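K.L.:
when you get a sec, could you give me coordinates for this:
(chains A and B)
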2 protein chains.
Amino acid sequence: MSDLASLDTPVPVIDLDIVERNLVRMQNYANAHGIALRPHIKTHKLPAFAKRAVELGAVGITCQKLGEAEVMAAAGLDDILISYPLVGAAKARRLVALTALATMRVAIDNPVALATLAQAARDAKAPIGVLVEFDSGQKRTGVVSVAEALTLIAQVKETPGLRFDGLMTYRSTPATASFIQAVKDAGVDLPIVSGGGTPGWDHTHEVAGLTEMRVGTYIYNDRMMVEAGAATLDDCALHVFATVISRPEENRAVIDCGSKTLSSDPMPGGKIPGFGLILDYPDAIIERLTEEHGMVDLSQCEDKPKIGDRLQILPNHVCVVTNLHNDVVVSRGGLVEGVWPVAARGLTR
Amino acid sequence: MSDLASLDTPVPVIDLDIVERNLVRMQNYANAHGIALRPHIKTHKLPAFAKRAVELGAVGITCQKLGEAEVMAAAGLDDILISYPLVGAAKARRLVALTALATMRVAIDNPVALATLAQAARDAKAPIGVLVEFDSGQKRTGVVSVAEALTLIAQVKETPGLRFDGLMTYRSTPATASFIQAVKDAGVDLPIVSGGGTPGWDHTHEVAGLTEMRVGTYIYNDRMMVEAGAATLDDCALHVFATVISRPEENRAVIDCGSKTLSSDPMPGGKIPGFGLILDYPDAIIERLTEEHGMVDLSQCEDKPKIGDRLQILPNHVCVVTNLHNDVVVSRGGLVEGVWPVAARGLTR
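P.N.:
Residues are numbered from 1 along each chain as shown, chains lettered A, B, ... in the order given. As a prediction, this is how the structure comes out:
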């Protein structure tokens, strides 16, 4: 087995020991609080990690897109929530095929997405579970009023082949609990109430009414999660190894990764600069990216990296980084254990 | 052949007629001014388009990374410039292999990258051409002084197996011409002086001393190029077709593409909002992206799209968009002609 220093760069490297620790920590938390864990595969997109999470006790997995679910179902994952409204006949047909492989649930927030599920249900091999998504303040998808939720729930219950399973939201906030309570107060039975988000994961049990948690980023963590207090640097399992390829000026290094390697995702809030944290040079700022170049401001560094030096970079947002790469190197104890294709990368449909 | 309305979304769709027109226009411009055209494949990453550009008269192609060059050389492209400093033994070995397939040139801006080329030259099947990169104001890679350029040129000329071919810069600016002149004034013969950039492409001939132009984005163009005056909306060959999947509020639509489909690249300069232009709803603003959701502000739209409506989106920055997708749909006259794998996507090493 070769060591990490022998890898050509830029390359995303995953520490399997840290992954295992992260998976176990989250499962222990869920177990301790009697919450079902349904991890989101969007971060890793790797069947092996999805299976390991289920082995450890996860009730199933979450996928955002049908394409991800197709990869996971083909790999043997047999309990899948698609936490995303599916709209259109093509999506209905693909959902039908998935019902032959896995227990399928889908979250919806509108009647058109419901019609897609109704269409799928006509040919499905088993009833399709439906969660109604509500907005806890994210202003993304999700109904914004209890009245809308109740109307949609009633429509789901009237639709042959669909089974109303409960509610879903992202992220879990204080607003979450009051919405859940209001729906319950209307006399609706809620077998599942699924909340989400790695930020604040260890407060999930404080949100009254949640039965399930969906988390994705926790498997690797990233600079955003560290800043959000959801992880420490030691909990970060994926780093991009890079090389300094140029030092055109005293205070400018150029590294061999740009937006096609690290993504253009900035740190949220606009206060923390840079497109990643260089572990050995925390005062260096990856201030600008073009597609394949990263421009690093060294003006605050006492020690400055030389051309040819290898740098270990913690990405701002790991979920979009893995999606950029065809494969990832997996390692243990600083040694390469393998190269895994990112099986569900790029599957946005 | 099916029509575009039958495609499942989100999906990048390329209009082959517009591609052809863009390729021909640039070649005609280069011919008219006696400038060699060496298109950059970073935008499309498709051997078929690289070959078509060469058929039309391009002298060869440009690649940013070795991985891209390996795909192109395997497909038969036999004259390749790597416009990027290569650093390290692994890179040297791969460059050696490429010299068996194609005439290879590499741009460098420092002695460490030169040492990598020197190492490759020992086993190379043919001399490796070297361009010395200088900075025309981009503050990326490239030497910043004429003195450094002259030193590096002298070192290249002393290295067995390397052939000094000239200079390279990105982008071409008024500073470019004075740098070139200063190197010439020092008595250096410059067979090739390669400039670059689709923005301002039609002013390339005004930069005295350039013999070659490298352009990439022009093949598809994008919202940035339209704003930069380098293209019109009619010159844009790639659009992402998307579907409205939710309308949680009167003025908020959610579309089925987020940063994993459109990328997080904002418009440069911070003045133009949004992560893409929705052609049929130019007053709609794709104001926020999460990984798979695009939040669209409809408050300025008189007409508002409904759930299930299909939208045609011009991306801000097309080069990073194609890199996100495993394949692209190619079309002509509104009909699907095929689905092509993006052969060199994700090859950042």
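K.L.:
show me which residues of the stretch 1-150 of chain A sit near chain B.
P.N.:
The stretch 1-150 of chain A comes close to chain B at residues A:8-11, A:42, A:64-65, A:84-88, A:90-91, A:109-110, A:112-113, A:135, A:139-144, as judged by Cβ under 8 Å from any Cβ of the partner chain. Quick note: C-beta positions are derived from backbone N, CA and C, even for glycine.
K.L.:
ok, now with 7 Å
P.N.:
Counting by Cβ under 7 Å from any Cβ of the partner chain, the stretch 1-150 of chain A comes close to chain B at A:8-11, A:42, A:64-65, A:84-85, A:87-88, A:90, A:109-110, A:112-113, A:135, A:139-144.
K.L.:
go on, the stretch 201-349 of chain A?
P.N.:
Applying Cβ under 7 Å from any Cβ, one finds that the stretch 201-349 of chain A approaches chain B through A:243, A:245-249, A:252, A:254, A:257, A:259-261, A:263-265, A:290-293, A:295, A:307-308, A:319-320, A:323-326, A:346, A:348-349.
K.L.:
what about 6 Å?
P.N.:
A:243, A:245-246, A:248, A:254, A:259-261, A:264-265, A:291-293, A:307-308, A:319-320, A:323, A:325-326, A:346, A:348-349 (Cβ under 6 Å from any Cβ of the partner chain).
K.L.:
how much space between the closest residue to residue A:69 other than its chain neighbours and residue B:262?
P.N.:
In space, and not counting its chain neighbours, residue A:69 is closest to residue A:63: 4.2 Å by Cβ to Cβ, 6 or more residues apart in numbering or on different chains. Look at residue A:63 and residue B:262: by Cβ to Cβ, to the nearest Å, they are 20 Å apart.
K.L.:
now do residue A:59
P.N.:
For residue A:59, the distance to residue B:262 - Cβ to Cβ - is 33 Å.
K.L.:
can you check residue A:199 too?
P.N.:
Taking Cβ to Cβ, one finds residue A:199 at 23 Å from residue B:262.
K.L.:
these two: which is more packed in?
P.N.:
A side-by-side neighbour count of residue A:199 and residue B:262, using other Cβ atoms under 10 Å in any protein chain shown, places residue B:262 first with 27 against 19.
K.L.:
following the helix or strand residue A:313 falls within, which helix or strand shows up next?
P.N.:
Taking DSSP states H and E as the criterion, the element that holds residue A:313 is strand A:310-314. Next helix or strand after strand A:310-314 toward the C-terminus (DSSP H and E): helix A:318-322.
K.L.:
residues touching that next one, excluding its own?
P.N.:
Residues outside helix A:318-322 that contact it (Cβ atoms under 6 Å, 6 or more residues apart in numbering or on different chains): A:42, A:43, A:220, A:222, A:238, A:263, A:265, A:315, A:342, B:259, B:291.
K.L.:
so which of the residues you listed sit within strands?
P.N.:
residue A:238 (DSSP state E).
K.L.:
would you turn the contacts of helix A:318-322 into TSV with pLDDT, neighbour count and distance to residue A:285?
P.N.:
Converted to TSV, the contacts of helix A:318-322 look like this (pLDDT from 0 to 100; neighbours: other Cβ atoms under 10 Å in any protein chain shown; distance: Cβ to Cβ, whole Å):
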residue	pLDDT	neighbour count	distance to residue A:285
A:42	98	23	28
A:43	98	26	25
A:220	98	30	22
A:222	98	29	17
A:238	98	25	21
A:263	98	28	17
A:265	97	24	16
A:315	98	27	15
A:342	98	18	28
B:259	98	24	22
B:291	98	21	25
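K.L.:
okay, now the domains of chain A?
P.N.:
Domain ranges of chain A: A:16-220, A:228-316, per automatic domain parsing.
K.L.:
as CSV, these with distance to residue B:76 would be great.
P.N.:
Compiled in CSV, the domains of chain A are given as follows (distance: least, Cβ to Cβ, whole Å):
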stretch, distance to residue B:76
domain A:16-220, 32
domain A:228-316, 24
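K.L.:
buried sites along the top helix by length along chain A?
P.N.:
In chain A, ranked by residue count with DSSP state H as the criterion, the top helix is helix A:16-33. For helix A:16-33, burial by neighbour count (16 or more other Cβ atoms under 10 Å in any protein chain shown) applies to A:16, A:18, A:19, A:20, A:22, A:23, A:26, A:27, A:29, A:30.
K.L.:
not counting sequence-adjacent ones, nearest residue to the second one?
P.N.:
Across the structure, with Cβ to Cβ, 6+ apart as the measure, the residue nearest residue A:18 apart from its sequence neighbours is residue A:237 (3.8 Å).
K.L.:
can you check residue A:295 too?
P.N.:
Distances taken as Cβ to Cβ, 6+ apart place residue A:288 nearest to residue A:295, at 4.2 Å, with adjacent residues excluded.
K.L.:
what are the phi and psi angles of the one you found?
P.N.:
Residue A:288 adopts backbone torsions of phi -150, psi 140, taken as degrees, to the nearest 10.
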